[in-house]
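Peer 1: Task: produce atomic coordinates for the following.
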Amino acid sequence: MIPKWWSPTVRAFQMKFEVGGEYRVIWSNSEDPKQQPYGTFTKIVAYEEIEMTWRWESISPDFNSRIRILFREVNGQTEFEFIHENFTLRAEIEPHHEAWEEIMDMLNKYANKIHKDT
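Peer 2: Below you'll find the model as predicted:
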């Protein structure tokens, strides 16, 4: 389901969704593993929080930021907060911020379509 809303350029999203499990995003326009973000799930609390590392070999073999997604119920609906942190260089922040904004817009459109279809 993730490739349906993440980006038209995502061919697959491989993951083992458990603490210690790994994931990798595979773009349709790149076979180079250095151009594929990947990481490890470090915390999963059902209905509350997902935490994972986020790495790009193309940025640097040492690049290892962290993503936290916090969920909460608000008036019978689910709200989430998305936090991407632990950047080592300021120059890494803006491209990630722009990409995540675009991905969140696509997620919103996908969720609205699913809601409309049900």
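
Peer 1: Asp62 in helix, strand or coil?
Peer 2: Under the three-state scheme (DSSP: H, G, I helix; E, B strand; the rest coil), Asp62 adopts coil.

Peer 1: which residues touch it?
Peer 2: Asp62 sits next to Thr88 when contact means C-beta atoms under 8 Å, 6 or more residues apart in numbering. All C-beta atoms are positioned from the backbone trio N, CA, C, and that covers glycine.

Peer 1: Okay, it and Gln35: tell me how far apart.
Peer 2: 17 Å (C-beta to C-beta, to the nearest Å).

Peer 1: now Ile69
Peer 2: Counting by C-beta to C-beta, the separation of Ile69 from Gln35 is 24 Å.

Peer 1: Please apply the same query to His97.
Peer 2: The gap separating His97 from Gln35 is 19 Å, by C-beta to C-beta.

Peer 1: How about Ile93?
Peer 2: Using C-beta to C-beta, Ile93 is found at 19 Å from Gln35.

Peer 1: can you pull out the strands in the protein?
Peer 2: 10-15, 22-27, 38-45, 49-54, 65-74, 77-85 (DSSP state E).

Peer 1: do you know which of those strands lies nearest Met106?
Peer 2: Of all those, strand 10-15 sits nearest to Met106, with 10.1 Å by C-beta to C-beta.

Peer 1: Report the mean confidence score over that closest one.
Peer 2: Across strand 10-15, the average pLDDT comes to 82.

Peer 1: Parallel or antiparallel, which strands does that strand pair with?
Peer 2: Partners of strand 10-15 in the sheet, by DSSP bridges, are strand 22-27 (antiparallel).
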